[in-house]
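Asker: quick check, what structure comes out for this input:
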Amino acid sequence: MKLEKYKALIIFIILLILMLAGVLVWNKIIKVEDKDNHKQEYVDVSDANNVDNIDKQLGTDIRITAGYLLNYTTKKSGTWYMSKAHIISIKKNKDTSTIKLSSDSESSNYITATIDNLSSKIKKGQDVYFVGSIDLSNNHLKLTTISQEPINYKNVTEIDFNKLYENITNLSNTTFTISGYMITDNDEFKLFESKTTYQNNNTSGNYFLINWQDEFNLTGNDNVKLNCSLAGSYKLKNCVLITE
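Answerer: Numbering: from 1, shown residues only. The predicted structure is shown next:
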């Protein structure tokens, strides 16, 4: 009889404990998801010399300062890649040749590359090895050498052709949200890391030149946040001023 008397109370306590446990588990799941989303929103630039830190984020909206981005673009354009590909076309123009490279003869994905003084031995339809860097102004490759034989180069990054194609494609599709200090210099707009950076060293090579998506008439110097794409190691394009 006593058990029957307290049966409803016992069931209520058990249900209450289960509800509290459910709330605790749910809150933990939400915190983990929020933490993961926060990690995806910002780029880890703790090591500004590590190109891979930004490379792995390409294809998304990357939030970054002007100084870190400038460090990335200069080092990215100076990175030499070595890979193997199939030549789908060659177009010669005086001393410079334009080559379209793909993973194989059936692939529709290709990278455009240029090289000076192309050897007459290199022909369309061949499988070749090459070494080159990425031209950030047009996302083409600038080749230093191309050969049917393996290339013995030091200080290069060996990469599968499809991975290189993916990297270049993501680079061209990436929009950067950039914070920095902008100055107007006659008809030019320049983006520095900070006011201090501008005051201490405002020479070429220490800032980005800004190309606006639409007509822009702002004058004066100020801290800004811009949304841009890369147009080169020291140039930004399709920029929009973010006012928030």
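
Asker: could you report the neighbour count for the residue nearest to Gly205 when sequence neighbours are not counted?
Answerer: Among residues not flanking Gly205 along the chain, Tyr234 sits closest, at 6.8 Å (CB to CB, 6 or more residues apart in numbering). In this view, the C-beta of every residue, glycine as well, is placed from N, C-alpha and C. Neighbouring residues of Tyr234 were enumerated by other CB atoms under 10 Å; the total is 20.

Asker: quick one: contacts for Tyr234?
Answerer: Taking CB atoms under 8 Å, 6 or more residues apart in numbering, we find Tyr234 in contact with Leu70, Thr73, Thr74, Ser204, Gly205, Tyr207, Phe208, Leu209.

Asker: and the residue nearest the centre of this structure?
Answerer: For the chain, Leu58 is the residue whose C-alpha lies nearest the centre (CA atoms, centre = their mean; 3.5 Å).

Asker: elements contacting the longest strand seen in the chain?
Answerer: In the chain, assigned by DSSP state E, the strand with the most residues is strand 81-93. Strand 81-93 sits against strand 96-102, strand 127-135, strand 157-158, helix 161-173, with contacts defined as 3 or more CB pairs under 8 Å, 6 or more residues apart in numbering; DSSP states H and E.

Asker: all strands for this structure, in order.
Answerer: So, for the chain - with DSSP E - the strands run 62-65, 81-93, 96-102, 110-116, 127-135, 140-147, 157-158, 176-185, 188-192, 208-212, 222-232, 235-241.

Asker: so where's the protein uncertain?
Answerer: 1-12, 16, 21-50, 244 (pLDDT under 70).

Asker: alright, that wraps it up for me.
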